[in-house]
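Participant: build me a structure from this.
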Amino acid sequence: MAILPLVIAPDERLTTVSSPIEKIDESIKTLAADMLDTMYHEHGIGLAAVQVGVLKRLLVADVNWREGEGPGEQYVLINPEIIEDTKDEHAYKEGCLSFPDQFAEVVRPSGVRVRYLDLDGKTQEKTFDGLLATCIQHEIDHLNGIVFVDHISRLKRDMIIKKLQKLKKQGAFDHVHGPNCNHGHHHDHGHVHGPDCDNDHDHVL
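Facilitator: Residues are numbered from 1 along each chain as shown. The predicted structure follows:
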C-alpha cells in the first residue's frame, strides 16, 4: 500500500464539495486501503479522501488503534449521509491532519446515525457515539467542503489559517508527508494514541 501526500490548509480543495462515488471498483478499494495506511502513518484517527486530494465521498476512521499495536476497529464509509443526530452535544478539542499542530474545541452532537455504502456496495446504517461520532462528523464535514475551524470564532479561525499560510510559504510542509519523513517539523500527534488514550486528549482527525 502507499502513503499518500496530505492536502494542507489553506487549500481550495478543502472548501470543495466532494462528488458521490458511482462505482465501487478496485481503484476505490485501493484508495481506502491507502487512506488507512496514510492515516496511521500520520498518527490520525480519521481521514477523508479530499485530504489526499481525491474529491470523492469516501472516509476512513479508526479511533481505537494504538501505536505499536496495529489497527483497532476500522471503518470505511462511502457516500455517507447523517440521517439522525442526538439532541445532546459534546465538546472535543479536535485537531486535523490538514491543519498540522492546530487544535480547537468544537461542539457537535454526541451521537449520529449514518447511512453509507460499504466496500461491497451494500447499504449500511449505523449509530456512532462518543469520539467515533465526533470523528465521523468531522470527516463528513470534509466531504461537504467544511473544516473544523469553520465551527470556531472567525478570529481564531483567521489566526490559524494565517499561521499555516505563513508556514506553507516557508516550506514547512514540503516534505511532511513522504514515507521517509525527515523534515524535522514537530507534529503534536504522538500523545493522541498513547496507551492511556481517552477523550480528554487532543485528537487528530
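
Participant: which parts of this structure are strands?
Facilitator: 46-48, 58-61, 75-85, 89-96, 99-109, 111-117, 123-129, 203-204 (DSSP state E).

Participant: most packed of the ones you listed?
Facilitator: Ranked by mean neighbour count, those are led by strand 46-48 with a mean of 31 (mean count of other CB atoms under 10 Å). The way it works is simple: take the backbone N, C-alpha and C, and place the C-beta from them, glycine included.

Participant: coming back round to it: nearest to residue 135, of the strands of the chain?
Facilitator: Checking the strands of the chain against residue 135 by CB to CB gives strand 46-48 as the closest, at 4.2 Å.

Participant: show me what that closest one is packed up against.
Facilitator: When contacts are defined as 3 or more CB pairs under 8 Å, 6 or more residues apart in numbering; DSSP states H and E, strand 46-48 sits against helix 26-41, strand 58-61, helix 130-143.

Participant: and the ones you listed, which is most packed in?
Facilitator: strand 58-61 (a mean of 28).

Participant: sorry, back to before: how about TSV for the strands of the chain, with mean pLDDT and distance to residue 155 added?
Facilitator: Formatted as TSV, these follow (pLDDT from 0 to 100; distance: least, CB to CB, whole Å):
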stretch	mean pLDDT	distance to residue 155
strand 46-48	98	26
strand 58-61	98	29
strand 75-85	98	28
strand 89-96	96	18
strand 99-109	97	12
strand 111-117	98	29
strand 123-129	98	31
strand 203-204	80	23
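
Participant: format the helices and strands packed on strand 46-48 as a markdown table; extra columns: distance to residue 94.
Facilitator: Output for those, formatted as a markdown table (distance: least, CB to CB, whole Å):
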| stretch | distance to residue 94 |
| --- | --- |
| helix 26-41 | 15 |
| strand 58-61 | 13 |
| helix 130-143 | 6 |
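
Participant: coming back round to it: mind putting the strands of the chain in a markdown table, distance to residue 149 included?
Facilitator: Output for the strands of the chain, formatted as a markdown table (distance: least, CB to CB, whole Å):
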| stretch | distance to residue 149 |
| --- | --- |
| strand 46-48 | 15 |
| strand 58-61 | 18 |
| strand 75-85 | 20 |
| strand 89-96 | 8 |
| strand 99-109 | 6 |
| strand 111-117 | 20 |
| strand 123-129 | 22 |
| strand 203-204 | 14 |
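
Participant: among the ones you listed, which is nearest residue 171?
Facilitator: strand 99-109 (13.3 Å).

Participant: of all the strands of the chain, which lies closest to residue 156?
Facilitator: Comparing the strands of the chain against residue 156 with CB to CB, the closest turns out to be strand 99-109 (6.3 Å).

Participant: who's in contact with the closest one?
Facilitator: Residues external to strand 99-109 that are found in contact with it (CB atoms under 8 Å, 6 or more residues apart in numbering): 8-9, 85-96, 133-134, 137-138, 147-149, 151-152, 156, 160, 163-164, 167, 173, 176, 185-188, 202.

Participant: that one vs strand 89-96, what angle?
Facilitator: 160 degrees (axes from the mean of the first three to the mean of the last three CA atoms, to 10 degrees).
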